[in-house]
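A.B. asks: Predicted model, plus sequence, below.
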Amino acid sequence: MKYSQIKVIIPAINEEDSLPKVIAEIPNIVSEIIVVNNGSTDNTAKVAKLAGATVLDEPNKGYGNACLRGLKCIAASKTTPDIIVFLDGDYSDYPQEMINILDPILTKDIDFVIGARVAEYREKGSMTFPQRFGNWLATFLMRLLFKSTFTDLGPFRAIKYDKLVLLEMEDKTYGWTVEMQLKALKHKLTYTEIPVHYKKRIGVSKVSGTIKGAIFAGIKILSWIFKYSF
């Protein structure tokens, strides 16, 4: 299956040190890289533009808000993409592994692919205990309640654009990834996971790096799961 339009959305808050590295390692099969500047106080927007990305501003904080801003821009463009890739701007992922994540869509017509941060590929200390526990609990509940095979809520992911539109995404903060996975199950999308390497991020996480962020992320993830279980 041939796709000519692949666009990447990168939500970013104060990622001036990491973004140039991330953008430089994105494979050249991508037609556009969209960085959503989510209220940064540093030179995030400037370095992203210099690196060749399209930069959008979303002053309302929240991972979901940033992703929704990117999708709104894409929906308003003259040509819509075939595939959307979501990638963090902190350089914890290996952008060149995007090829592996895209492969099931391009060669097997899979709808949705998660980059799974498996233990054997993770750098020591790259995921905090709240991240590891939250991933385990969320995916355990999805297996128990929905018979899914997800093992991770990894933000490095690819999905066919028309399928993403079908999901009608709405979460504005921490629940974006789990919402996508739950709605993919609801709409019976075909999906798979591809193991990816994961390293310590540049800078401090806005979610797992704070107690408040970790608590609210956990609450939001669980609320989405229980919403869909009844």
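C.D. replies: Good, I have the coordinates.
A.B. asks: wait, what's in contact with the residue nearest the centre of the chain?
C.D. replies: Nearest to the geometric centre of the chain sits P155, at 3.0 Å (C-alpha atoms, centre = their mean). Applying C-beta atoms under 8 Å, 6 or more residues apart in numbering, we find P155 in contact with 63, 86-88, 93, 177. Placement of C-beta: from N, CA and C, glycine included.
A.B. asks: Please report the distance of it from D93.
C.D. replies: Per C-beta to C-beta, to the nearest Å, P155 is found 8 Å from D93.
A.B. asks: show me where this structure has strands.
C.D. replies: Using DSSP state E, the strands found in the chain span residues 6-12, 32-37, 54-57, 83-86, 112-116, 157-160, 191-195.
A.B. asks: what about this structure, any weak spots by pLDDT?
C.D. replies: The chain contains residues with pLDDT under 70 at 1-3, 204-217, 229-230.
A.B. asks: go again using 50 as the cut-off
C.D. replies: For the chain, applying pLDDT under 50 flags the ranges 208-209.
A.B. asks: number of nearby residues for L56?
C.D. replies: Counted with other C-beta atoms under 10 Å, the neighbours of L56 add up to 18.
A.B. asks: now I23
C.D. replies: I23: 22 surrounding residues under other C-beta under 10 Å.
A.B. asks: rewinding a little: check contacts around the closest residue to the residue nearest to the centre of the chain other than its chain neighbours.
C.D. replies: Leaving aside its chain neighbours, P155 sits nearest to D88 (5.2 Å; criterion: C-beta to C-beta, 6 or more residues apart in numbering). D88 makes contacts with 10-11, 22, 155-156, 201, as judged by C-beta under 8 Å, 6+ apart.
A.B. asks: quick one, what contacts the residue nearest to E58 when sequence neighbours are not counted?
C.D. replies: Of all residues beyond its chain neighbours, the one nearest E58 is R69 (3.9 Å), with distances taken as C-beta to C-beta, 6+ apart. Counting by C-beta under 8 Å, 6+ apart, R69 touches 36, 56, 58.
A.B. asks: now the first one: how far from L167?
C.D. replies: Here V36 is placed at a distance of 19 Å from L167 (C-beta to C-beta).
A.B. asks: quick one: which of these two has more around it?
C.D. replies: Neighbour count, other C-beta under 10 Å: between V36 and L167, V36 has more, with 28 against 18.
A.B. asks: is it true that the more buried one touches C67?
C.D. replies: Yes: with contacts counted by C-beta atoms under 8 Å, V36 reaches C67, the gap being 7.3 Å.
A.B. asks: List the residues that are in contact with both of these two.
C.D. replies: By C-beta under 8 Å, 6+ apart, V36 and C67 have these common neighbours: 9, 11.
A.B. asks: if I pick the spatially closest residue to S4 that is not a sequence neighbour, what's in contact with it?
C.D. replies: Residue nearest to S4 in three dimensions, not counting chain neighbours: D82, with 6.8 Å by C-beta to C-beta, 6+ apart. Neighbour list for D82: 3-6, 160-161 [criterion: C-beta under 8 Å, 6+ apart].
A.B. asks: Also L182?
C.D. replies: Contacts of L182 were listed using C-beta under 8 Å, 6+ apart, and they are 142, 146, 224-225, 228.
A.B. asks: What distance do you get for the nearest residue to A75 once chain neighbours are set aside to P20?
C.D. replies: Excluding the flanking residues, the one nearest A75 by C-beta to C-beta, 6+ apart is V165, at 7.8 Å. As defined by C-beta to C-beta, V165 lies at a distance of 31 Å from P20.
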